[in-house]
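Colleague: one predicted model, sequence on top.
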Amino acid sequence: MLPNFNANIVVLIPKTPDVDSVSQFRPITLANFKFKIISKILTDRLAQILPSIISTEQRGFIKGRQIKDCICLTSEGINLLHLKFFGDDVMVFCKGTAANIGVLANLFQSYANIYGQV
């Protein structure tokens, strides 16, 4: 980026007609026009691309999705699981593809056969 490309100019505008002190001025920043245009173009282009780059499981950084939804869901899940956990419980997380489900079914069947839980 070029030097002074994102430089701003601060202008003091009086709040009242009779100005006696610095506190009676309102500072306003005049941003570089080119910088504002390029920033807007980049933002608009990124907004079009981000939904295809970011996973559907991702909750932040996409319009209409909020991280607080996941926090509430996790909190409720922990409260419900707290009542149901025992010493022999297992939680398995994976993508729900047919291959993964087949591997899990095979694993649980092998476990059941070894420990006589048929």
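Modeller: Structure received.
Colleague: drop to CA atoms for contacts and neighbour counts, all remaining ones
Modeller: Fine.
Colleague: how about the secondary structure of the residue of the chain most remote from its centre?
Modeller: Ranking residues of the chain by C-alpha distance from their mean position (CA atoms, centre = their mean) puts D18 at the top, at 48.6 Å. Using DSSP: H, G, I helix; E, B strand; the rest coil as the criterion, the local structure at D18 reads coil.
Colleague: I'd like the distance between it and F25.
Modeller: Here the criterion is CA to CA, to the nearest Å. By it, D18 lies 11 Å from F25.
Colleague: next one: E57
Modeller: From E57 to F25 the distance is 49 Å (CA to CA).
Colleague: between these two, which is the more surrounded one?
Modeller: Neighbours per residue (other CA atoms under 10 Å) separate E57 from F25, with F25 holding more: 15 against 8.
Colleague: and the closest residue to I62 other than its chain neighbours, what's its pLDDT?
Modeller: Spatial nearest neighbour of I62, excluding adjacent residues (CA to CA, 6 or more residues apart in numbering): P51 at 6.7 Å. The score at P51 is 77. That number is its pLDDT.
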